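Engineer: Predicted model, plus sequence, below.
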Amino acid sequence: PQVANQIAAGEVVERPSSAVKELVENSLDAGATKIIVRITGAGKKSIVIEDDGSGMSAADAELALQRHATSKIETSEDLHHIASHGFRGEALPSIASVSRFRMQTALAGSGEGVEVRVDGGGATEVRPTAPRRGTRIEVLDLFLNTPARLNFMRTDKTEEASIIEAFRSLALANPSVAMQLELDGRTRFDFAPQDERARVVAIMGNDFADNSIDMAIEHEGMQISGHLGLPTFHHRDSTRMLFMINGRVIRDKQLIAAVRAGYRDVMFHDRYPVAVMKIEIDPADVDVNVHPSKREVRFRSPQTVRAGVVSCIRAAIDQFGR
Ligand code: ADP
Ligand code: MG
């Protein structure tokens, strides 16, 4: 299992930011209302995540470190309507196989807590501790035993930027959750629970607030909404386009193309719109189990989604055309 975990780790945790994403998603799945992320050394030294979610019993905490042990789906039928971020049961064992991993957790309301430790995928040590609210996970010396991966790491600046990007996306998709990011002891973001528009402004900046319009349409059973930057606010690449499908932040070339197609006449060929788009779609119409990183999706009817996005953008552009 050690080797299998390390292979899975190559797909699930490419770099520190992927570990941050997986751990924050777990906290969200656990119903956390507050999530604190502390990073040192661009995540290579340590990643600490604290949440006030459901926590785990001692038995579940130990189980969570086993490959494919997910508490989130029970039957293969469940795979067709996944509502949680996680479902593959790979993140924790993968991360623990390539780091020094520590987890403290307690089941909500329980009088006892548990600490689980794994060093580089070795034996799982479990011991009782004082109870706590939620879960605290510490990932130290990521990739300590996979030198090839460590050598692939970019500069601290680049890895940190990737962590910030991942955190921003998750914060954008979960405005009602208090989220804090600390880099080497300095607070980078500290978001109170807020409504969606306020979180968008907090993340994208006041400039975006002043130079964007809200959009919302219904298309063939999908709810498509979000905020679209005015043409003067376009960006040199597509990194300022964020897509959330049923609350999951994803990357998708077809969606980027659809936004640009919607922009058609007001689009400079080498510029990209700035946009935050949320698509609520029947979970049966979208497959999120395409890649271990869960950053890609496959739509049952890509044409319908494309048409919806295009009309949403057109409707918005009509508004600011006036
Ligand atoms: P997945 O999220 O795909 O189920 P993970 O490896 O990410 O797999 O997590 C394994 C299991 O550990 C989860 O199914 C969940 O039961 C539990 N778990 C992980 N992180 C947390 C957390 N922060 N709070 C409560 N339970 C957690
Ligand atoms: Mg998970």
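Structural biologist: Thanks, I have the structure now. Ligands and ions are numbered 1, 2, ... in the order given.

Engineer: Show me what residue of the stretch 101-250 of the chain gets nearest to ligand 1.
Structural biologist: Thr135 (3.8 Å; Cβ to the nearest ligand atom). In short, each C-beta sits where N, CA and C put it, glycine included.

Engineer: ah, wrong one, I meant the chain
Structural biologist: Gly86 (1.9 Å).

Engineer: Check the burial of that residue by counting its neighbours.
Structural biologist: By other Cβ atoms under 10 Å, 20 other residues sit near Gly86.

Engineer: Now the element after the least confident helix or strand in the chain by mean pLDDT, going C-ward?
Structural biologist: Here the helix or strand of the chain ranked lowest by mean pLDDT, DSSP states H and E is helix 2-12, holding a mean of 69. Counting by DSSP states H and E, the element after helix 2-12 in chain order, helix or strand, is helix 16-29.

Engineer: ok, residues contacting the next helix or strand after that following helix?
Structural biologist: Counting by DSSP H and E, the element after helix 16-29 in chain order, helix or strand, is strand 34-40. Residues from elsewhere that reach strand 34-40, judged by Cβ atoms under 8 Å, 6 or more residues apart in numbering: 16, 20, 23-24, 27-28, 46-52, 160, 163, 167, 177-185.

Engineer: Next, the angle from whatever helix or strand comes next after strand 34-40 to strand 34-40.
Structural biologist: Counting by DSSP H and E, the next helix or strand C-terminal to strand 34-40 is strand 46-51. Relative orientation of strand 46-51 and strand 34-40, computed by axes from the mean of the first three to the mean of the last three Cα atoms, to 10 degrees: 170 degrees.

Engineer: now for strand 46-51, which elements pack on it?
Structural biologist: Judged by 3 or more Cβ pairs under 8 Å, 6 or more residues apart in numbering; DSSP states H and E, strand 46-51 is in contact with helix 16-29, strand 34-40, strand 135-140.

Engineer: Could you list the paired strands of it along with their orientation?
Structural biologist: The pairing partners recorded for strand 46-51 under DSSP bridges are strand 34-40 (antiparallel), strand 135-140 (antiparallel).

Engineer: what's in contact with that strand?
Structural biologist: 16, 19-20, 23-24, 27, 30, 32, 34-40, 134-142.

Engineer: and the residue of the stretch 101-250 of the chain closest to ligand 1, what does it touch?
Structural biologist: Per Cβ under 8 Å, 6+ apart, neighbours of Thr135: 26-27, 30, 49-51, 53, 55-56, 103-105.

Engineer: Check which helix or strand Lys278 maps to.
Structural biologist: strand 275-280.

Engineer: Contacts for whichever helix or strand comes after that strand, please.
Structural biologist: Going down the chain from strand 275-280, the next helix or strand is strand 286-287, by DSSP H and E. Strand 286-287 is contacted by residues 245-246, 297-300 when judged by Cβ under 8 Å, 6+ apart.

Engineer: Likewise for stretch 239-258?
Structural biologist: 83, 85, 165, 169-170, 172-174, 229, 238, 259, 272-281, 283, 286, 288, 294-297, 302, 305-306, 309-310, 313.

Engineer: In ChimeraX, how would I select just the buried ones from those?
Structural biologist: Buried residues within these, by 16 or more other Cβ atoms under 10 Å, are selected in ChimeraX with:
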select :85,169,170,172,173,174,229,238,259,272,273,274,275,276,277,278,279,281,286,288,294,295,297,305,306,309,310,313
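
Engineer: and Val20, how many neighbours does it have?
Structural biologist: Val20 has 24 nearby residues by other Cβ under 10 Å.
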